[in-house]
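Participant: return atomic coordinates for the entry below.
(one chain, ligands or ions: 2)
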Amino acid sequence: MSARPIAYLTRRETFSACHRLHSPLLTDEENLQIFSKCNNPNGHGHNYTVEVTIRGPIDEKTGMVMNLCDLKLYMEQSIMNVMDHKNLDKDVPHFHHLVSTTENVAVFIWDSLSAHMANPSLLYEVKIFETEKNIMIYRGERE
Ligand SMILES: Nc1nc2c(c(=O)[nH]1)N=C([C@H](O)[C@H](O)COP(=O)(O)OP(=O)(O)OP(=O)(O)O)CN2
Ligand SMILES: [Zn+2]
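Facilitator: Ligands and ions are numbered 1, 2, ... in the order given. This next block holds a predicted model:
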């Protein structure tokens, strides 16, 4: 029996949210110095694009790594229902005490997807375009 080919499957979603960069671990002065305009108490918004990539063997019977309908559902549960048209800092409990940088948003999405997926070991990458110029990647690595 020959080894099954490994493929990568990506689905993209976009969501809109507002936030303010303010860390509870820093003083008000430090927050202003580090985050400058992004520390404005009025907050600001982004149209985020998120790409979730699945990596795994192509099933010989279904011809799929994962059914895209399942990935769509996982992304709705983990991303769209939780963050779309929300204030990340006020509406998402995870960010009540954690600064809502895109790095932290990416880790939050990874952990949330892992909790919803039938086989979380297939999750390969979460990539977020915060703006057209600012892009974050998280692959579940920790040190
Ligand atoms: N490491 C991080 N640094 C910054 C983050 C972040 O999430 N991680 N976030 C911000 C701000 O929230 C915001 O995203 C910065 O936006 P802005 O400077 O407006 O974005 P652009 O670089 O695309 O804007 P231009 O002014 O057109 O260059 C800041 N830092
Ligand atoms: Zn921002």
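
Participant: which bits of the protein sit near ligand 1?
Facilitator: Residues of the chain that fall close to ligand 1, judged by Cβ under 6 Å from any ligand atom: 21, 38, 101-103, 130-131, 133-134. All C-beta atoms are positioned from the backbone trio N, CA, C, and that covers glycine.

Participant: which residues touch the helix or strand that contains residue 112?
Facilitator: Using DSSP states H and E, the element containing residue 112 is helix 102-116. Residues from elsewhere that reach helix 102-116 (Cβ atoms under 8 Å, 6 or more residues apart in numbering): 48, 50, 52, 74-75, 77-79, 82-83, 88, 92, 94-95, 98, 120, 123, 126-128, 130, 134, 136-138, 140.

Participant: now the residues you listed: which count as buried?
Facilitator: 48, 50, 52, 74-75, 78-79, 82-83, 88, 92, 94-95, 98, 123, 126-128, 130, 136, 138 (16 or more other Cβ atoms under 10 Å).

Participant: picking up where we left off before, just the buried subset of the residues of the chain next to ligand 1, written out for ChimeraX, thanks.
Facilitator: To isolate the buried ones among the residues of the chain next to ligand 1 in ChimeraX, judged by 16+ other Cβ under 10 Å, type:
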select :21,38,101,102,130
